[in-house]
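Asker: I'd like to go over a predicted model; first the sequence, then the structure.
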Amino acid sequence: MASPRRRTPRRRVWPKIRLLLLVAVVAAGGTALYPVWKAANPDPPELKVRYRTDTPATAAVAKPSLEVFNDTEKALPLSEVTLRYYFTADDAPGAAPYAFNCVNAVFGCSNVAGRIVAMDKATDTADHYLEVRFADSAGSLKPGANSKGIDLQLFRTDHKKLKQSDDRSFDAEMTSYKESENVTAYKRGVLAWGEEPDGTKASDEKKTAAKVSAPAPVPAPPAGVLFDDFSYQGAKDPALFKHGWLVRTSKGGPGVENTWSADGVTFPTAKGSLADGQVLNLRASTDGTKAGTKQASLGTAASKFRDGTYAARIHFSDEPASGDSGDHVNQTFYTIGGKGSKYSELDNEYMPNGGWGRPGPKLDTVTWYDHETNDRVYETTKKSLDAWHTMLIRVKDGVVAYWMDGEKLFLSDGKYAPRADMSVNFNHWFIDLPFKGNRAWDMKVDWLYYNANDPLSVNEVQSAVEGFTDKGMNYFDTVRESR
């Protein structure tokens, strides 16, 4: 006979049920309260940004200096980080655009890329931002490490003063580094620090709302290459010197001796330039007297260039910007270096009105062996060049080739080849002063490109230049000096 089933006493079941109900209630309450708790106890940020500046609210240039801190226990590749500095453009649409440059960074300004972006939804304190990114070669921040100061400049390309008082990221009182949530930082496209102008914060639980389109990685600048699109404020811009350029003010020739002046070195925008952006403008001016003459020159401080491809996009001028025509001006793109038996010089000299008894317009492509004995070989191209042209010099295996817009102009070899490392220069000068009266001549340079590794065509150079600027790489220099 089967034994009867035992029933579990109720007093044993109900405590368990009550416990489950209590857990459910607590869990439901906890779920409801979690957003409140989370807001008060957000996850610690993966990185922080500190900011400082040394400019007043009204200034010729904004100078944000930024530091990035790695607050994780893992290395942080800087190439994964994007920074945004927010500002309000001073004038209505159609006014002069803004530009930026990097003045200083521990890992080198060659590894800093940037662009100016108009916001889709403007606020009272921001309708644009400067977006800063870093190349792979900028390296990584170790756990707890600081990038040190990344010194930037932001300015109008018409060089008018800025009003920063309504710029979201500007704070005149931050003259030493302090954390600033008005500068945002992103890691792989996700907001990791700061507050966006619409109020989205890195501490928000719904970070998907803070996700932006992660820009394509910035490649490491190629080795042995110099590129510069001349995004500078003026002849006294500290970035100009940090990037290895010298404005000539020293005595001597050529042309009207002892008249080299920084006044003629400016960086305006120009139609027909890359994206109608900034150019180097060299102005040679005179009233017909030596005392009233100013010549202009910009060149690299380092003499470290020899074999490879030199290219520059240049606008030569047949007529003065003001005053009467007829001057024997010389608009020159050249390299020079060495002394005595090592002397080396490669020239492109355009003279719209000729010079030294030879009529113009003409372009002399010249390779020098000895300047003191006038030992040189050259070819003259007799035609007007009053337009933009891509000038190219290729040096390889003791042969120098001069090209213009893809057309070969001249070859030299044998002893007429560089025997020393050289500097790269642009200058604009008067051969003589044939008449009185005020006049001024302009020569424009859109960009300079040098590649120590490869002999490139004009199309290959143009493709490389466009690739750099598309990525916001307006300057880098990875050319090593010879030891």
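Answerer: Structure received.
Asker: quick one, what contacts F305?
Answerer: L226, T335, G337, D421, M422, S423, V424, Y450, A452, V479 (C-beta atoms under 8 Å, 6 or more residues apart in numbering). In this view, the C-beta of every residue, glycine as well, is placed from N, C-alpha and C.
Asker: quick check: domain ranges of the protein?
Answerer: As assigned by automatic domain parsing, the chain contains the domains 47-210, 225-477.
Asker: can you lay out these as JSON lines showing distance to P219?
Answerer: Conversion of the domains of the chain to JSON lines gives the following (distance: least, C-beta to C-beta, whole Å):
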{"stretch": "domain 47-210", "distance to P219": "6"}
{"stretch": "domain 225-477", "distance to P219": "7"}
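Asker: hang on, R283 packs against F267?
Answerer: No - the pair R283 and F267 does not pass the contact test of C-beta atoms under 8 Å, sitting 11.8 Å apart.
Asker: any idea which of the domains of the chain scores lowest on pLDDT?
Answerer: Looking at those, the lowest mean pLDDT belongs to domain 47-210 (a mean of 93).
Asker: among the contacts of F305, which lie within strands?
Answerer: Those of these mapping onto strands are L226, T335, G337, S423, V424, Y450, per DSSP state E.
Asker: and the second one, what does it touch?
Answerer: Applying C-beta under 8 Å, 6+ apart to T335 gives the contacts F305, Y310, S344, E345, L346, I393, P418, M422, S423, V424, N425.
Asker: of those residues, which is the nearest to S297?
Answerer: For the contacts of T335, the residue nearest S297 by C-beta to C-beta is N425; the value is 6.5 Å.
Asker: just put the contacts of T335 in a markdown table and tack on distance to N353.
Answerer: A markdown table is the format used below for the contacts of T335 (distance: C-beta to C-beta, whole Å):
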| residue | distance to N353 |
| --- | --- |
| F305 | 31 |
| Y310 | 26 |
| S344 | 29 |
| E345 | 23 |
| L346 | 24 |
| I393 | 24 |
| P418 | 30 |
| M422 | 28 |
| S423 | 28 |
| V424 | 26 |
| N425 | 22 |
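Asker: between those, which sits nearest D204?
Answerer: For D204, the closest of the contacts of T335 turns out to be V424, at 50.3 Å, with distances computed as C-beta to C-beta.
Asker: so what's the closest one up against?
Answerer: Counting by C-beta under 8 Å, 6+ apart, V424 makes contact with L226, G299, T300, F305, Y310, Y334, T335, L448, Y450.
Asker: the nearest residue to the last one once chain neighbours are set aside: neighbouring residues, count only.
Answerer: If I follow you right, that is Y450. Spatially, and ignoring its direct neighbours in sequence, Y450 is nearest to L226 (4.4 Å; C-beta to C-beta, 6 or more residues apart in numbering). By other C-beta atoms under 10 Å, 25 other residues sit near L226.
Asker: tell me how many other residues crowd P222.
Answerer: As a burial measure, P222 scores 15 neighbours (other C-beta under 10 Å).
Asker: roughly how far does the closest residue to it other than its chain neighbours sit from M119?
Answerer: Leaving out its chain neighbours, the residue that sits closest to P222 by C-beta to C-beta, 6+ apart is T478, at 6.7 Å. Look at T478 and M119: by C-beta to C-beta, to the nearest Å, they are 34 Å apart.
Asker: could you do F87 as well?
Answerer: Distance of F87 to M119, computed by C-beta to C-beta: 10 Å.
Asker: the more surrounded of the two?
Answerer: Each of F87 and M119 has its neighbours counted (other C-beta under 10 Å); F87 has more, 24 against 16.
Asker: for the more buried one, what are its contacts?
Answerer: Counting by C-beta under 8 Å, 6+ apart, F87 touches A62, A126, H128, Y129, L130, L154, Q164, D167, R168, S169, F170.
Asker: for the spatially closest residue to the first one that is not a sequence neighbour, the count of nearby residues, please.
Answerer: Nearest residue to A62 in three dimensions, chain neighbours excluded: L154, at 4.1 Å (C-beta to C-beta, 6+ apart). Counted with other C-beta under 10 Å, the neighbours of L154 add up to 23.
Asker: so what does the strand or helix carrying L154 touch, helix or strand wise?
Answerer: For L154, the host element (DSSP states H and E) is strand 150-156. Under the contact definition 3 or more C-beta pairs under 8 Å, 6 or more residues apart in numbering; DSSP states H and E, strand 150-156 sits against strand 65-70, strand 81-87, strand 98-104, strand 126-134, strand 162-163.
Asker: show me which pair in the contacts of F305 is furthest apart.
Answerer: The most distant members of those, if one measures by C-beta to C-beta, are L226 and G337, lying 15.1 Å apart.
Asker: circling back: quick one: which of the ones in strands among the contacts of F305 is nearest A57?
Answerer: Nearest to A57 among the ones in strands among the contacts of F305, with distances taken as C-beta to C-beta, is L226, at 36.5 Å.
Asker: where's that closest one relative to E481, distance?
Answerer: When C-beta to C-beta is the yardstick, L226 and E481 sit 12 Å from each other.
Asker: also S261?
Answerer: In terms of C-beta to C-beta, S261 sits 29 Å off from E481.
Asker: who has more neighbours out of the two?
Answerer: S261 (18 against 9).
Asker: from what I can see the more buried one touches T249, true?
Answerer: Yes - judged on C-beta under 8 Å, S261 makes contact with T249 at a distance of 6.4 Å.
Asker: so what pairs up with the residue lying closest to Q295 once chain neighbours are set aside in the strands?
Answerer: Distance criterion C-beta to C-beta, 6+ apart; nearest residue to Q295, sequence neighbours excluded, is W429 at 4.3 Å. Beta-bridge partners for W429, by DSSP bridges, are N330.
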